[in-house]
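Novice: missing the sequence, but the structure's below:
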């Protein structure tokens, strides 16, 4: 009895779970089918054991046909099910009463005897319901057969052991596992008969022999596999439909379809392999992976093996690098405490290989992606972290590493400069953006910067004395100038039309994200802004091939964000925000300066420009018209006079400094910029169509954190209070855009 009870309970739970997941309503009408979405249609069809493949119109028509069949009393049979065979001989009247009616006929509603539902108020009935149903003896059956034959169309009573559900939805004991949901639904619709009607005739049934315990346990678990069997049946039905189409169109078309299907299957397999590499592993996969076995043997187990640097190199070159740093492999290594127990305790700056350094970088990035404590393992050996940070920056400049590995290093630097609240990280990061960074400036730009910040001249002279003692090469050992040189070298190799490596474009976007983070924080912005302006970073990127390609959309969006922070309304050295009047005064001063120098150098050519009012020449088109009158040498002479490009002896090696670039530099420096308040007031009330479907700004729900987004970041430091409000405003606006897009998708799709 206990086995029967457990078997019935399993089957009933499965039925109730299916009905809850499908969201079926007992009174679903044909008119309501058109209002359902695709996923709801599939759920309704699956709950009724019907195929779920096809377009929405086909799904709706299939469900309507089934509902119409139920209303007329003949539910439509599923395409995957086989009809029951008709009896070969004419059955006796008693057998006719128990034989199932054909699907085409509509049986008359009958009220077979059913056991009363078990309620909490009647515990004695639950014990009675667990007893097998009493069947008539052979002597009693002839007397009760005439009463049965009077209603041959009545629904047959299920044999003892078949699951039935009462109107209250509770399961009754003594059921045969494997009964279909449709049969249970029929039993649910049959009204229960009072126990006082015991004198009603019963059907002649045979009690099946009791199976052994093992077979009952297997049968009890068979119901849990109904969902998987249903999916397999649907796949088999789809295959059968494809074979029928092939037979109709002939052998030639069938062969072409099979060939196309084989190619599609190969593509699906390749895509599945890629998805498996980047899919999030389950805990069972984590525990059973071969990397976990290696971890148990070398660093995670109770008796780990001694340190082996060859193992780190092997794991990097055979597991991480060939899989392009697949997410599942990195997660398994991080889960096994690869960083805490093996990489960092055995790190030696003088002996560590490139694979060891890059493995550390990969593990740190994974910790940040999972949003766990990332710098905690390094607190045990803080004195070694500065050497590790330096080795990472040196590794970026090596030519033998790939773009993917460079991207990992840039992501590590992004996380480091976003963690300036940590003393250990801050001491290593701020050394790269301090005053000695100006040793890499051109003489003209250095003169311009010292003119804007006179209080730094004393510190600069003291640093010059230190340079004479320690040497210029030691003081110029900075990472950021080398990063900019590598960036422009890679940017120049991108063709205008031909294909190029995807990881190369991803590396460019990561560098822009890193530069935005440096400019958007005051401690890192103060001295680095001059270096970025000296390289004319925005202008050179705008004129590159990548900015003109269709796949450079995200690159251009990141450039817009970087350009916004380059011209932010703040004093870099004092940290005080600049008012609108102060920004206008700075703009007027630049225009007046270039007008005076243009008139002194070229009075005949630039007379009209020099005597014009500021409002007539401050826009981009007016500046380009007047400055384009000068040739290359004349324009270079004017820009050197106002200290915008290096002097002649320094600019001889700059091959990128042509006439077009110099013209864009002059126009970008002197044009009037729209104030932030005016830009906010000019925004539309509702998002535009381009913004709604832009995945780079409004990502989908499948965002994993590995992509680059052109979004402002919320951090512990902001340039001004206005910057803090502006970032939150933009993020809130994009969040509302995402909700609007979801509503549009629900209505349109």
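Specialist: That came through, no problem. The structure presented is a predicted model; accordingly, all values stated were derived computationally and were not measured. Numbering: from 1, shown residues only.

Novice: quick one: buried residues of the host helix or strand of residue 425?
Specialist: If you go by DSSP states H and E, residue 425 is part of helix 423-429. Neighbour-count burial for helix 423-429 flags 424-425, 428-429 (criterion: 16 or more other CB atoms under 10 Å). For every residue, glycine as well, the C-beta is placed using N, CA and C.

Novice: give me every residue that touches residue 588.
Specialist: Listed by CB atoms under 8 Å, 6 or more residues apart in numbering, the contact set of residue 588 reads residue 614.

Novice: the helix or strand where it lies: what's the following helix or strand?
Specialist: According to DSSP H and E, residue 588 maps onto helix 580-601. Remark: after helix 580-601, the chain's next helix or strand is helix 607-611, criterion DSSP H and E.

Novice: what residues does whatever helix or strand comes next after that following helix touch?
Specialist: Note on helix 607-611: by DSSP H and E, the next helix or strand toward the C-terminus is helix 614-617. For helix 614-617, contacts defined as CB under 8 Å, 6+ apart pick out 588, 591-592, 595, 609, 622-623, 626.

Novice: mind checking how far residue 734 is from residue 727?
Specialist: From residue 734 across to residue 727, the span is 11 Å (CB to CB, to the nearest Å).

Novice: the helices in the stretch 601-749 of the chain, which residues?
Specialist: Under the criterion DSSP state H, counting those that start in this stretch, the stretch 601-749 of the chain carries helices at the ranges 607-611, 614-617, 620-627, 632-641, 659-670, 676-681, 689-692, 721-748.

Novice: what's the fourth one packed up against?
Specialist: Here helix 632-641 is seen to pack against helix 580-601, helix 659-670 when contacts are counted using 3 or more CB pairs under 8 Å, 6 or more residues apart in numbering; DSSP states H and E.

Novice: list the contacts of it.
Specialist: Against helix 632-641 from outside (CB under 8 Å, 6+ apart): 444, 594, 597-598, 601-602, 605, 627, 630, 645-648, 651, 657-659, 662-663, 665-666.

Novice: could you rerun that using 6 Å?
Specialist: Outside helix 632-641, the residues that touch it by CB atoms under 6 Å, 6 or more residues apart in numbering are 597, 645, 659, 662.

Novice: show me which positions of the helix or strand that contains residue 465 end up buried.
Specialist: Residue 465 belongs to helix 457-470 when elements are defined using DSSP H and E. Residues of helix 457-470 classed as buried: 463, 467 (neighbour count, 16+ other CB under 10 Å).

Novice: ends of stretch 531-541, how far apart?
Specialist: End-to-end distance for stretch 531-541, by CA to CA, to the nearest Å: 15 Å.

Novice: now the helices: where do they sit in the stretch 301-450 of the chain?
Specialist: Assigned helices in the stretch 301-450 of the chain, in chain order: 309-315, 327-335, 338, 354-370, 382-396, 403-417, 423-429, 443-452 (criterion: DSSP H, counting those that start in this stretch).

Novice: run the angle between the helix holding residue 465 and helix 443-452 for me.
Specialist: Put simply, helix 457-470 runs at 140 degrees to helix 443-452, going by axes from the mean of the first three to the mean of the last three CA atoms, to 10 degrees.

Novice: give me the helices and strands touching helix 457-470, please.
Specialist: With contacts taken as 3 or more CB pairs under 6 Å, 6 or more residues apart in numbering; DSSP states H and E, helix 457-470 sits against no other helix or strand.

Novice: what is the mean pLDDT for it?
Specialist: For helix 457-470, mean pLDDT rounds to 85.

Novice: same check on stretch 411-427?
Specialist: Stretch 411-427 comes out with an average pLDDT of 93.

Novice: just the buried positions in that stretch, please.
Specialist: Within stretch 411-427, the residues that count as buried by 16+ other CB under 10 Å are 411-420, 422, 424-425.

Novice: tell me how far residue 583 lies from residue 570.
Specialist: Separation of residue 583 from residue 570 (CB to CB): 10 Å.

Novice: can you check residue 67 too?
Specialist: Distance, residue 67 to residue 570, by CB to CB: 67 Å.

Novice: which residue comes closest to residue 712 once chain neighbours are left out?
Specialist: Closest residue in space to residue 712, ignoring its immediate chain neighbours: residue 727 at 4.1 Å, by CB to CB, 6 or more residues apart in numbering.

Novice: might one say that that neighbour is in contact with residue 713?
Specialist: No: contact criterion CB atoms under 6 Å: residue 727 and residue 713 do not qualify, at 7.5 Å.

Novice: which one of these two is surrounded by more residues?
Specialist: Counted by other CB atoms under 10 Å, residue 727 and residue 713 do not tie: residue 727 has more neighbours, with 18 against 14.

Novice: any idea how far that one is from residue 676?
Specialist: Computed as CB to CB, the residue 727 to residue 676 distance reads 12 Å.

Novice: any regions of the stretch 151-300 of the chain where pLDDT drops low?
Specialist: Applying pLDDT under 70 to the stretch 151-300 of the chain flags the ranges 151-281.

Novice: ok, now the stretch 551-700 of the chain?
Specialist: Of all residues in the stretch 551-700 of the chain, none has pLDDT under 70.

Novice: do the same with the stretch 1-150 of the chain
Specialist: Scanning the stretch 1-150 of the chain for pLDDT under 70 picks out 1-27, 73-150.

Novice: distance to residue 439 and neighbour count added to the contacts of helix 632-641, as TSV?
Specialist: Below are the contacts of helix 632-641 laid out as TSV (distance: CB to CB, whole Å; neighbours: other CB atoms under 10 Å):
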residue	distance to residue 439	neighbour count
597	28	18
645	19	24
659	30	15
662	25	22
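
Novice: out of those residues, which comes closest to residue 459?
Specialist: residue 645 (25.9 Å; CB to CB).

Novice: ok, residue 61 - how many residues close by?
Specialist: The number of residues packed near residue 61 is 13, by other CB under 10 Å.

Novice: what lies in contact with the helix or strand containing it?
Specialist: Assessed by DSSP H and E, residue 61 sits inside helix 56-71. Helix 56-71 is touched from outside by 30, 33, 38, 41, 44-45, 48, 50, 75-76, with contacts defined as CB under 6 Å, 6+ apart.

Novice: how about those residues, which pair is most distant?
Specialist: The span of the contacts of helix 56-71, defined through CB to CB, is set by 38 and 75 at 22.8 Å.

Novice: phi first, then psi, for residue 714.
Specialist: With angles defined as degrees, to the nearest 10, residue 714 sits at phi -100, psi 120.

Novice: that one: what's its closest spatial neighbour, skipping adjacent residues?
Specialist: Residue 714 sits nearest to residue 727 (CB to CB, 6+ apart), 6.3 Å away.

Novice: cool, residue 568 as well?
Specialist: Nearest residue to residue 568, sequence neighbours excluded (CB to CB, 6+ apart): residue 719, at 5.8 Å.

Novice: helix/strand/coil for residue 49?
Specialist: On the three-state scheme (DSSP: H, G, I helix; E, B strand; the rest coil), residue 49 is labelled coil.

Novice: and the gap between it and residue 66?
Specialist: Computed with CB to CB, the distance linking residue 49 and residue 66 is 10 Å.

Novice: what is the neighbour count of the residue lying closest to residue 351 once chain neighbours are set aside?
Specialist: Excluding its sequence neighbours, the residue lying closest to residue 351 (CB to CB, 6+ apart) is residue 309, at 7.6 Å. A count of neighbours around residue 309, defined by other CB under 10 Å, yields 14.

Novice: same deal with residue 578?
Specialist: When neighbours are defined as other CB under 10 Å, residue 578 has 16 of them.

Novice: and it, what does it touch?
Specialist: Residue 578 is in contact with residue 569, counting by CB under 6 Å, 6+ apart.

Novice: quickly note the distance from it to residue 534.
Specialist: Per CB to CB, residue 578 is found 21 Å from residue 534.
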